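> quick one, fold the following:
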Amino acid sequence: MTYASSAPNVRRADEPARPSTSRARRQWTLFARNKGAVLGLIVLTLWAVAAVIAPHITPYDPLQTVDSARSAPSAAHWFGTDRLGRDVLSRVIFGARISLLLGIISVVLGSIVGTFFGLVSGFYGGLTDNIIMRVMDAMLAFPGLLLALIIIATLGPSIQNVMIAVGFATIPQYARLTRGSVLSVRESLYVESARVIGGGNWRIILRHILPNVAAPLIVLSTLQVGNAILVGAGLSFLGLGAQPPTPEWGLMTAEGREVLGKAWWISTFPGLAILSVVMALNLMGDGLRSALDPRLGEK
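This next block holds a predicted model:
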């Protein structure tokens, strides 16, 4: 007589676990149902691929004068040329490298530091929580762009300093979001079980708490990349970010503002590039939010 049929959920020791795979597959299915999120993923992928293979697909050197200044879009120059006769299409494609890296690196910096403080604040509580949160509140008292301007004024204008400034400005958002999530899970049964079996504080934080608060952080990071690109472009537009002749979208937009009525293409195409990437990231963020939150995914 066999009892195999009475225990369908029993897994052999040599059988690989499947719950995580099934969960990831379900999340992808929920994400794929959101047509806007899929469109955003496609647009962002195309920009990322173009940035990686930029030297192989651009028709001209983005820093070299290739034709007369302010030539209108034509078969030779699809996006026209700028005030110095440089091909705008080539500069826009190369600009994707700088703008995407700016968004990613600044968000990585801000998320690592902010998540660390949020984990410490939410897990330990008490005086530690009060000190960290008061510092975050003080940082939040300054608008993100103003805080970035202060840092740039201190460090000097450059694309590297823009990454640092934008990343620093996002720290409070990650810290507060992480702290709130930690407070909701630190008293869970699995955390208490980890304490009972002798797990250390940081082992509990990294192995049990962080994975369970990661979903909202992933969504926030997706949205923050777009925001970082916008802030970086704004700083470059003001002359505080990338410096000439760097092909950066914000700087390119600024270079064409004085001749916008006569040579609209110089500012328009870099501006459309910023618009497309930020919209793609926002659409992806909305899709990830629905896919990673089970309550939204069921609706």
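> point out where the stretch 1-150 of the chain drops to low pLDDT.
Regions of the stretch 1-150 of the chain meeting the criterion pLDDT under 70 cover residues 1-21.
> sketch out the strands for it, chain order is fine.
Shown for the stretch 1-150 of the chain, no strands are assigned by DSSP state E, counting those that start in this stretch.
> what's the spacing between the residue nearest to the spatial centre of the chain and residue 101?
Closest to where the C-alpha atoms of the chain average out (C-alpha atoms, centre = their mean) is residue 225, at 2.6 Å. Look at residue 225 and residue 101: by C-beta to C-beta, to the nearest Å, they are 11 Å apart. From N, CA and C alone the C-beta is placed, and that goes for glycine too.
> show me the helices in the chain, by range?
19-33, 35-52, 54-57, 88-124, 126-140, 144-155, 159-185, 189-196, 201-204, 210-237, 249-255, 265-292, 294-297 (DSSP state H).
> what's the closest of these to residue 81?
Of all the helices of the chain, helix 88-124 sits nearest to residue 81, with 6.3 Å by C-beta to C-beta.
> show me which positions of that closest one end up buried.
For helix 88-124, burial by neighbour count (16 or more other C-beta atoms under 10 Å) applies to 88-100, 102-107, 109-111, 113-123.
> related to what we said a few turns ago, how about the contacts made by the residue nearest to the centre of the chain?
Residue 225 is in contact with 103, 104, 107, 281, counting by C-beta atoms under 8 Å, 6 or more residues apart in numbering.
> show the pLDDT at it.
The model reports residue 225 with a pLDDT of 93.
> separation between the residue nearest to residue 190 when sequence neighbours are not counted and residue 199?
Distances taken as C-beta to C-beta, 6 or more residues apart in numbering put residue 208 closest to residue 190, at 5.9 Å, once the chain neighbours are dropped. According to C-beta to C-beta, residue 208 and residue 199 sit 8 Å apart.
> what does residue 268 give?
From residue 268 to residue 199 the distance is 57 Å (C-beta to C-beta).
> one more: residue 81?
Taking C-beta to C-beta as the measure, residue 81 falls 63 Å from residue 199.
> these two: which has the busier surroundings?
For residue 81 versus residue 199, the count of surrounding residues by other C-beta atoms under 10 Å is larger for residue 81: 28 against 15.
> what are the phi and psi values for the residue nearest to the more buried one when sequence neighbours are not counted?
Excluding the flanking residues, the one nearest residue 81 by C-beta to C-beta, 6+ apart is residue 71, at 4.3 Å. Here is the backbone geometry of residue 71 (degrees, to the nearest 10): phi -70, psi 140.
> so residue 115 touches residue 174, yeah?
Yes - using C-beta atoms under 8 Å, residue 115 is in contact with residue 174, at 5.3 Å.
> anything in contact with each of the two?
Residues touching both residue 115 and residue 174 (C-beta under 8 Å, 6+ apart): residue 217.
> who touches stretch 280-292?
Stretch 280-292 is contacted by residues 27-28, 30-31, 34, 36-41, 43-44, 47, 215-216, 218-219, 222-223, 225-226, 229, 296-297 when judged by C-beta under 8 Å, 6+ apart.
> ugh, wrong one, stretch 244-262
Here stretch 244-262 has contacts from 62-63, 70, 82-83, 86, 88, 90-92, 94-96, 98-99, 159, 229, 232-239, 241-243, 263-268, 270-271, 273-274, using C-beta under 8 Å, 6+ apart.
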